[in-house]
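>>> Provided below for reference: sequence and predicted model.
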Amino acid sequence: MLDIIKQPWPWYIAGPLIGLTIPALLLLGNKPLGISSSLRHVCAACMPANIPFFNYEWKKEIWNLFFVVGILVGSLLAMTFLANPHPVDIHPDLVQEMKGYGMTNLNVVIPEEIVNWQSLFTLKGFLMIVFGGFLIGFGTRYAGGCTSGHTIMGLSNLQWPSLIVTISFMIGGIAMANFLLPHILTL
């Protein structure tokens, strides 16, 4: 039984399980799904109250912090006890393309040739880690939420802004993966 759980779950199992979190959150506590708002709650708990953006009753949203901690603990448990012992199946054409960019260890989720402490202090590492992180944070704040909040929660509630933001996420991801990333990797 444990071997079945350790295999990658197909989309038709994982997708509905993710989708069922929306009615569960709404029915059990009338709470919206969103991860990026938890950073604001942490900052509100740690920052002085004279900053207007962080001056609100963050304790009413403490459930969100428990939710995020639960995601972290659950992922650590899953990585520890349910890790797939087999390498990820990657299409041979993609393997050749990745090798062309200098990535040879494809048995990890994030290639170590790109994301490591040594590359952080290079132009490529700065662009990938620091500037990329800034863009993600800025985009999350500018869009009023992250992919989980808009794409999973917002679309399920038929919110027009979430549809626009989700389309923007997809266009940005496709443009990055197909046009910008190959140029950054060859720096």
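Happy to help now that I have it. Numbers count the residues shown, from 1 in each chain.

>>> what domains does the record give for this protein?
As recorded under automatic domain parsing, the domains making up the chain are 1-85, 87-187.

>>> distance between the ends of the last one?
Put plainly, it is domain 87-187. Its first and final residues considered, domain 87-187 spans 28 Å by C-alpha to C-alpha, to the nearest Å.

>>> Tell me the helices and strands packed up against the lengthiest helix in the chain.
In terms of residue count, the longest helix belonging to the chain (DSSP state H) is helix 62-81. Counting by 3 or more C-beta pairs under 8 Å, 6 or more residues apart in numbering; DSSP states H and E, the packing neighbours recorded for helix 62-81 are helix 37-46. All C-beta spots, glycine's among them, are computed from the backbone N, C-alpha and C.

>>> got the buried residues for the helix it packs on?
Residues 37, 38, 40, 41, 44 are the ones in helix 37-46 that count as buried (16 or more other C-beta atoms under 10 Å).

>>> Which one of those is nearest to residue 117?
Each of those was checked against residue 117 using C-beta to C-beta; the closest is residue 38, at 26.5 Å.

>>> Poorly predicted segments of this protein, please.
By pLDDT under 70, the low-scoring segments of the chain are 1-4, 6.

>>> Point me to the residue sitting farthest from the middle of it.
Largest separation from the mean C-alpha position in the chain: residue 50, at 30.9 Å (C-alpha atoms, centre = their mean).
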